[in-house]
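[1] the following comprises the amino acid sequence and a computationally predicted model.
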Amino acid sequence: MSAIRRRKNSEASKATNSEKTNYDGDDDKKKKIDEEEEDNNKKKTKKPKKWSCVDTCCWLIGCICVTWWLLLFLYNAMPASFNQYVTEAITGPVPDPPGVKLRKEGLRVRHPVVFVPGIVTGGLELWEGKQCAEGLFRKRLWGGTFGEVYKRPLCWVEHMSLDNETGLDPSGIRVRPVSGLVAADYFAPGYFVWAVLIANLARIGYEEKTMYMASYDWRISYQNTEVRDQTLSRIKSHIELMVATSGGKKAVIIPHSMGVLYFLHFMKWVEAPAPMGGGGGPDWCSKHIKAVMNIGGPFLGVPKAVAGLFSSEAKDIAVARAIAPGFLDNDLFRLQTLQHAMKMTRTWDSTMSMVPKGGDIIWGGVDWSPEEICSPSGRKQRNNDTQANGDQTGNEVSQTKCVNYGRIVSFGKDVAEAPSSEIERIDFRDAVKGNSVANTTCKDVWTEYHDMGIGGIKAVAEYKTYTAGSIIDLLQFVAPKMMARGSAHFSYGIADNLDDPKYKHYKYWSNPLETKLPNAPDMEIFSMYGVGIPTERAYVYKLSPSAECYIPFQIDTSADDTEEDSCLNDGVYSVDGDETVPVLSAGFMCAKGWRGKTRFNPSGSRTYIREYDHSPPSHLLEGRGTQSGAHVDIMGNFALIEDIIRVAAGGSGEDLGGDQVYSGIFKWSEKINLQL
């Protein structure tokens, strides 16, 4: 037994010894591994960490977010008077707003005022929609935050489009204008339209019972606003009510942009007998309207409308396409941007009301135009001068070079500048359309260009250049369905005989060259607009790549002049204006067409031109500026607001000082050989 125990003990000791040696070996291995790992870590720490693009983006986004929240906190924490304090510290005492200034002078509310908003500035809300618009009842589809544009873009486009045959609501969709002053006080949060004017009128005693926003669906034709919504009847009844409740004081009407044409249509509609008109009789305007103060009115149309209908772009869109080629043409978030924009806007009949009117007589031909001299900026300021005979003194323009502004669309810079005798043109009107491309190739974004084919597209380019007289034929060729609707509601010519019974039709009522002003000799008409900003007047075009599928024409942004004060930049020829409406369109009717007793103004209503020389904001805290002449920003111009308040408080055009002119409008008007 003792021998067995000794053997077991010896075996156990051997086992423990062997385990110890194994453990010792394992420890040595672990030590070696740990030492190797430490060496590797040291080597890694010696090498700098590689910085990736993702790290940069995350860092940048983080910095932006932190900075944004910090600024937002500081903005909400600072006192309300801080902005004014900083501004006064930089520029000195800030002048009183017009309402405060005129209240100190003793001006008070007198005449009721009616605002008529223009295109795109009025809000639109949904009353009935498709399943994709669930939860949007009475939510704004246009105006406000525009949240639905990026949340559900295709659904938004479908609901903002009208029926391509009727120009009215598509089946199962009802989008209607927002009512009240909130319809167009702000276009988007922080971006005012009528808000500043409303606030200043309120400072002299105006309130909602003496102010009315004549909101309407700016997408549809003017007469159809009455057919569908009875908007014209509502405007008529509101004006009558406001005049009656103010003790018989006539209303002051303030239209802006396309609202100018809309109210021109209203003045003829309200006189015309029912059912086509409102049945107010020939003296309705004389009884109810003191003054019509038109702001930025495109009386004779705007070339910008041609570019919008022709290629769904203007200068800003064209430049964006040049910076990022193909970006706006490609499928972006399942939305082919420009194609969908064209498909949608070509259902809006109102856009056709702003196609240039008067043809070559007004806008010039291949060899001439009223402006002629390139002067988009850098002109000398004129003295104010009221001249009833339409002449103007001291109105010399700094001459740089002659431009063929009459060529509204030219294919190539060489065509835009060449003498007419050197331009070989092939008439496009009889060209055969064909070789159309299947819609599947174009991702089902159908536009009328898909029916033209390569032959029709080339025929348009081979005609070389288009004036205001041939623009209508061009649009009828490239967009026949759109123009078929438009031609039923709008006209673009000059009347030979205004007593012709055909001019009693509503299609002529928004064209000041084919209709008469109301029989209201005491009514005053103002044309108020900004000057001093380069404004689109003519375009250099080219055929775009992939013409079979995309919009086949685009502005040639490579067409440029090398001169410092050039009229040609990024394929666009500019003249003096408010950035949207050229001076010629905004001022001609009050400078010549309606001045004195003419066939367009048989009762001799007094007309005044009030131009506002553009001055950009002097610093960031000034916002969009109190002396801006830009098409929308002018609504915050202190001088314009003061003029409006003075008239609303009982003043006249003579009290304002008559005409206030800085441009060459009188000189240009005299070049137009129009029988008056």
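    That came through fine.

[2] mind checking the SS state of the residue lying closest to Ile634 once chain neighbours are set aside?
    Once its chain neighbours are removed from consideration, Ile634 has its nearest residue in Gly530; the separation is 4.8 Å (Cβ to Cβ, 6 or more residues apart in numbering). C-beta coordinates here come from the backbone N, C-alpha and C atoms, glycine included. With DSSP: H, G, I helix; E, B strand; the rest coil as the basis, the three-state label of Gly530 is strand.

[3] for Gly596, see how far away Gly530 is.
    26 Å (Cβ to Cβ, to the nearest Å).

[4] compare those two (neighbour count), which wins?
    The residue with the greater number of neighbours, taking Gly530 and Gly596 and applying other Cβ atoms under 10 Å, is Gly530; the counts read 32 against 14.

[5] pLDDT at the more buried one, what is it?
    At Gly530 the predicted local distance difference test score is 97.

[6] same question, the one 4 residues further on
    Per-residue confidence for Pro534 comes out at a pLDDT of 94.

[7] and the helix or strand where it lies, what does it pack onto?
    Taking DSSP states H and E as the definition, one finds Pro534 inside strand 533-543. Secondary structure elements in contact with strand 533-543, counted by 3 or more Cβ pairs under 8 Å, 6 or more residues apart in numbering; DSSP states H and E, are helix 303-311, strand 409-411, helix 413-417, helix 453-462, strand 553-555, strand 572-577.

[8] with only the CA atoms kept, save it in CSV.
    Output for strand 533-543, consisting of C-alpha atoms alone and laid out as CSV, is shown next (Å, rounded to 0.1, in the frame of the first residue of the first chain):
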residue,chain,number,x,y,z
ILE,A,533,-32.0,97.5,-62.4
PRO,A,534,-30.9,95.4,-65.5
THR,A,535,-34.1,93.8,-66.7
GLU,A,536,-34.5,90.9,-69.3
ARG,A,537,-35.4,92.2,-72.7
ALA,A,538,-34.1,89.7,-75.3
TYR,A,539,-32.5,86.3,-75.4
VAL,A,540,-29.8,84.3,-77.2
TYR,A,541,-30.8,80.7,-77.6
LYS,A,542,-29.3,77.4,-78.7
LEU,A,543,-30.5,73.9,-79.4
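
[9] in that strand, what's buried?
    For strand 533-543, the neighbour count (16 or more other Cβ atoms under 10 Å) marks 533-542 as buried.

[10] gap between Gly650 and Leu102?
    When distance is defined by Cβ to Cβ, Gly650 is 12 Å away from Leu102.

[11] these two: which is more packed in?
    More neighbours sit around Leu102 than around the other of Gly650 and Leu102, counting by other Cβ under 10 Å; the figures are 22 against 15.

[12] ok, that one touching Ala649?
    Yes. With contacts defined as Cβ atoms under 8 Å, Leu102 counts as touching Ala649 at a distance of 7.1 Å.

[13] tell me where the stretch 501-650 of the chain has strands.
    Remark: strands of the stretch 501-650 of the chain, listed N- to C-terminal, are 524-531, 533-543, 553-555, 568-569, 572-577, 606-613; assignment by DSSP state E, counting those that start in this stretch.

[14] chain center to the longest one: distance?
    Distance of strand 533-543 from its chain centroid, counting by Cα atoms, centre = their mean, to the nearest Å, is 16 Å.

[15] quick one: work out the angle between it and strand 572-577.
    160 degrees (axes from the mean of the first three to the mean of the last three Cα atoms, to 10 degrees).

[16] switch to numbering from 56
    Sounds good: first residue 56 from here, last item strand 588-598.

[17] next, the angle helix 358-366 makes with strand 588-598.
    Here strand 588-598 runs at 20 degrees with respect to helix 358-366, directions being taken by the same axes, to 10 degrees.

[18] so where's the stretch 356-505 of the chain uncertain?
    Counting by pLDDT under 70, the stretch 356-505 of the chain shows low-confidence ranges at 369-391, 430-455, 487, 489-502.

[19] all helices of it, in order?
    Applying DSSP state H, counting those that start in this stretch to the stretch 356-505 of the chain gives helices spanning 358-366, 370-378, 392-400, 414-418, 468-472.

[20] pull out the buried positions in stretch 723-731.
    723-724, 727, 729.

[21] contacting residues for the closest residue to Ala360 other than its chain neighbours?
    By the measure of Cβ to Cβ, 6+ apart, the closest residue to Ala360 outside its immediate chain neighbours is Met409, 4.1 Å from it. Neighbour list for Met409: 174, 313, 316, 353, 356-357, 359-360 [criterion: Cβ atoms under 8 Å, 6 or more residues apart in numbering].

[22] Ala694 too?
    Contact partners of Ala694, counting by Cβ under 8 Å, 6+ apart, are 667, 682.

[23] kindly report the same for Phe247.
    When the contact criterion is Cβ under 8 Å, 6+ apart, the partners of Phe247 are 240-241, 679, 690-691.

[24] and with 7 Å instead?
    Under the criterion of Cβ atoms under 7 Å, 6 or more residues apart in numbering, the contact list for Phe247 reads 240-241, 690-691.

[25] before we move on, what about Met578?
    Applying Cβ under 7 Å, 6+ apart, the residues near Met578 are 340-341, 344-347, 660.

[26] just give the nearest non-adjacent residue to Asp528, would you?
    Take Asp528 and drop its neighbours on the chain: the residue closest to it by Cβ to Cβ, 6+ apart is Arg484, 6.1 Å away.

[27] that neighbour contacts Ser525, correct?
    No. With the criterion set as Cβ atoms under 7 Å, Arg484 and Ser525 do not qualify as a contacting pair; they are 9.2 Å apart.
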